[in-house]
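> following is a predicted model, sequence given first.
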Amino acid sequence: MKLDKGPQRTGLVRRRMAVSATTVLLGVTTALGSGLTTEAYAETSSAPTGIVLGVGANASQRVVSWYTPTDSAQVVQVAPTSALVAGEFPANAVTFPATVAANSVNGGYNGHATIDSLRTNTTYSYRVGSQDGWSPTYSFKTQEFKGDFDFLFYGDPQIGASGNVDKDGAGWKDTLDVSLAANPNAELLVSGGDQVEHANAETQWNAFLAPDKLRQYPWAATIGNHDVGGKAYEQHFWTPNTDRSAPYYNGSSATRSGGNYWYTYKDVLFIDLNSNAYSNGADAAHVEYVSDVIENHGADAKYTVLVYHHAIYSPAAHANDSDNKQRRQDFPTAFSKLGVDLVLQGHDHAYSRSYVLKNGKKSHPGEQPGAAQVAQGPGGVIYVTANSASGSKYYDLTAPDTSKDPDFGPDPLNPKSHWANSVENQEHVRTYVKVQVRDNKLVVENLRSGTCVAPNAAVELNKVKWCGPDSGTGPAQPVGSPVDRVVIHPYRGKGWTQRADVATTAPGTSDWLQ
């Protein structure tokens, strides 16, 4: 594999202050502050813009990306927040040099730098730029680097899809605010792709990046089909352990963004695929990539989570797209054999949660629709499709149509849904997915982040005809209320037995217990 490991550091030389990174970042323990903050600053014409905090290769790293108008030495300056005095960085703050490159979309330049050697349970402050112009000061906090954690998964903000960038941006910001107010200790924000409607429309990127939450919590970017048609995605996001080989691009690497990447966060191995690349043998290349990453790094994790844009068990408009029908043939058996636990997807702007699937078939015949607890068993995989996080666009659920795909017909237990999906939902309200990672289980919840009132661009602009549960016949449920919740009990190898209180089978059926 051709790996691009991210911004390269040649030592903490460029504009470094008096002490080393090890002294500041590893040698100081700081209690968590009362919250994450943005400090005031004196803006200059050379100050960086478009700043976003990204995920690093592991829990002790963060990647910062930004745009800058000048081709000059750029750095990220970092210090424990407790060391700042009246908002000023101490003399011994550490700087991490950036890789700066020409911005091919709208002129200027873009910068990326990796912060590493972070300590656990510490709040850090940072700013980017140089003495010629600094950004505002932002902060983020680390937690333990092992053990339980929560992360949040967001489907298709697709800013600009409604035709009104401001309304889309307002819905996106509100979802971030709502979800992080409810889950302030969430450690990752994971993308389902399609950050914007048009890949190189910087007004849309500006609206997407406007919320300060994206500078306070690490964003694990995923490339969607609306992001792939230009270089802005790669200029805004630098991802760790990235392989930009030809099979993982859709089209010319000179004009489009792409690549597959992976990272470990605590006990989870995350693998992110560019599902826009699917023809000419790319699916086989993706499978080989996943296999190689799991072979080399899977032993370091308890769970494997795949993330990509195109939901193969789509519940709505994209259910029978030709590329999805192909992926349904290419991916499921491989993912089962590789021991994947959870697959997170976007693209269809509606929510679904699959049954436990093994080799592309329902693993446990007795599993009931909407079961609150499920057991994976060997080779069992759960597939989740996220609804819109911004309200810019929703797709209505589609009825299973065997004339379009005989292998994606109705569920015998719930004929209005596709056979693979335990839950399908569309209420035309914004939602997000919360995943709790625990030693002996994964908990997946789809939670409402909005109602039928503003901000909800598709409803406000009459892009949809109804809003609320049961095709609008029921009243909108409150923000924070669950659409779906499932506890997933993982397979732990030979000799494993399912807990007696997990009722996923019909009475009298237990043949699937291991």
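That came in fine, so what should we check first? Since the model is a prediction, treat every value here as computed from it, not as a measurement.
> low-confidence ranges, the chain, go.
Applying pLDDT under 70 to the chain flags residues 1-45, 494-514.
> where does the spatially most central residue of it land in three-state SS?
Averaging the C-alpha coordinates of the chain gives a centre point, and the residue nearest to it by Cα atoms, centre = their mean is residue 190 (1.7 Å). Assigned with DSSP: H, G, I helix; E, B strand; the rest coil, residue 190 falls in the strand class.
> now do residue 444
Here residue 444 is strand, with the state taken from three-state DSSP.
> about what we covered before: from residue 54, how far out is the residue nearest to the centre of the chain?
Using Cβ to Cβ, to the nearest Å, one gets 12 Å for the distance from residue 190 to residue 54. Any C-beta I mention is one placed from the backbone N, CA and C, and that applies to glycine too.
> what sits in contact with each of the two?
Contact with both residue 190 and residue 54 is made by residues residue 220, according to Cβ atoms under 8 Å, 6 or more residues apart in numbering.
> convert the C-alpha atoms of the longest helix along the chain to PDB, please.
For the chain, the longest helix by residue count, based on DSSP state H, is helix 165-182. C-alpha atoms of helix 165-182 as PDB (Å, rounded to 0.1, in the frame of the first residue of the first chain):
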ATOM      1  CA  VAL A 165     -26.800  27.700   2.400                       C
ATOM      2  CA  ASP A 166     -27.700  29.800   5.500                       C
ATOM      3  CA  LYS A 167     -30.700  27.600   6.400                       C
ATOM      4  CA  ASP A 168     -28.600  24.400   5.900                       C
ATOM      5  CA  GLY A 169     -25.800  25.800   7.900                       C
ATOM      6  CA  ALA A 170     -28.200  26.700  10.800                       C
ATOM      7  CA  GLY A 171     -29.600  23.200  10.900                       C
ATOM      8  CA  TRP A 172     -26.100  21.700  10.900                       C
ATOM      9  CA  LYS A 173     -24.900  24.000  13.700                       C
ATOM     10  CA  ASP A 174     -28.000  23.200  15.700                       C
ATOM     11  CA  THR A 175     -27.400  19.400  15.400                       C
ATOM     12  CA  LEU A 176     -23.800  19.800  16.600                       C
ATOM     13  CA  ASP A 177     -24.900  22.000  19.500                       C
ATOM     14  CA  VAL A 178     -27.800  19.700  20.500                       C
ATOM     15  CA  SER A 179     -25.800  16.500  20.200                       C
ATOM     16  CA  LEU A 180     -22.700  17.800  22.100                       C
ATOM     17  CA  ALA A 181     -24.800  19.500  24.800                       C
ATOM     18  CA  ALA A 182     -26.300  16.100  25.400                       C
END
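> now for that helix, which elements pack on it?
strand 149-154, helix 202-209, strand 431-438, helix 457-460 (3 or more Cβ pairs under 8 Å, 6 or more residues apart in numbering; DSSP states H and E).
> what angle separates that helix from strand 149-154?
Helix 165-182 runs at 160 degrees relative to strand 149-154, counting by axes from the mean of the first three to the mean of the last three Cα atoms, to 10 degrees.
> tell me which residues in helix 165-182 are buried?
Neighbour-count burial for helix 165-182, with 16 or more other Cβ atoms under 10 Å as criterion, is recorded at 165, 167-176, 178-180.
> just give the closest residue to residue 178, not the sequence neighbours.
Using Cβ to Cβ, 6 or more residues apart in numbering and skipping the chain neighbours, the partner closest in space to residue 178 is residue 449 (4.4 Å).
> my guess is that neighbour contacts residue 180. True?
No: using Cβ atoms under 8 Å, residue 449 is not in contact with residue 180, being 10.3 Å away.
> burial of residue 203, as a residue count?
The number of residues packed around residue 203, counting by other Cβ atoms under 10 Å, is 14.
> which residues are in contact with it?
Remark: with contacts taken as Cβ under 8 Å, 6+ apart, residue 203 is in contact with 160, 165.
> now it: how far from residue 197?
10 Å.
> need the residues touching each of those two.
When contacts are counted by Cβ under 8 Å, 6+ apart, residue 203 and residue 197 are jointly contacted by residue 160.
> tell me how many other residues crowd the spatially closest residue to residue 162 that is not a sequence neighbour.
Beyond its immediate neighbours in the sequence, the residue positioned closest to residue 162 (Cβ to Cβ, 6+ apart) is residue 457, lying 3.9 Å away. Using other Cβ under 10 Å as the criterion, residue 457 is surrounded by 29 other residues.
> which ones are touching residue 457?
By Cβ under 8 Å, 6+ apart, the contact set of residue 457 is 162, 164, 167-168, 170-171, 390-392, 463.
> check which helix or strand covers the residue lying closest to residue 460 once chain neighbours are set aside.
Computed as Cβ to Cβ, 6+ apart, the closest residue to residue 460 that is not its neighbour in sequence is residue 454, at 5.5 Å. Residue 454 belongs to no helix or strand when elements are defined using DSSP states H and E.
> my guess is residue 454 meets residue 166, correct?
No: under the criterion of Cβ under 8 Å, residue 454 makes no contact with residue 166, lying 11.2 Å away.
> strands along the stretch 51-200 of the chain, start to end?
Secondary structure of the stretch 51-200 of the chain (DSSP state E, counting those that start in this stretch): strands at 62-68, 75-80, 94-97, 99-102, 109-115, 123-130, 133-134, 138-141, 149-154, 188-191.
> swap in the stretch 251-400 of the chain?
Chain-ordered strands for the stretch 251-400 of the chain, with DSSP E, counting those that start in this stretch as the definition, fall at 261-265, 268-272, 303-310, 342-346, 351-354, 357-358, 361-362, 373-375, 382-385.
> make a markdown table out of these and add distance to residue 107 and mean neighbour count.
Written out in a markdown table, the entries for the strands of the stretch 251-400 of the chain read as follows (distance: least, Cβ to Cβ, whole Å; neighbours: other Cβ atoms under 10 Å):
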| stretch | distance to residue 107 | mean neighbour count |
| --- | --- | --- |
| strand 261-265 | 27 | 25 |
| strand 268-272 | 29 | 24 |
| strand 303-310 | 28 | 24 |
| strand 342-346 | 30 | 26 |
| strand 351-354 | 40 | 26 |
| strand 357-358 | 47 | 23 |
| strand 361-362 | 52 | 16 |
| strand 373-375 | 51 | 23 |
| strand 382-385 | 37 | 26 |
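> output those strands in TSV; the columns should cover distance to residue 424.
Converted to TSV, the strands of the stretch 251-400 of the chain look like this (distance: least, Cβ to Cβ, whole Å):
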stretch	distance to residue 424
strand 261-265	29
strand 268-272	25
strand 303-310	17
strand 342-346	14
strand 351-354	5
strand 357-358	15
strand 361-362	15
strand 373-375	16
strand 382-385	9
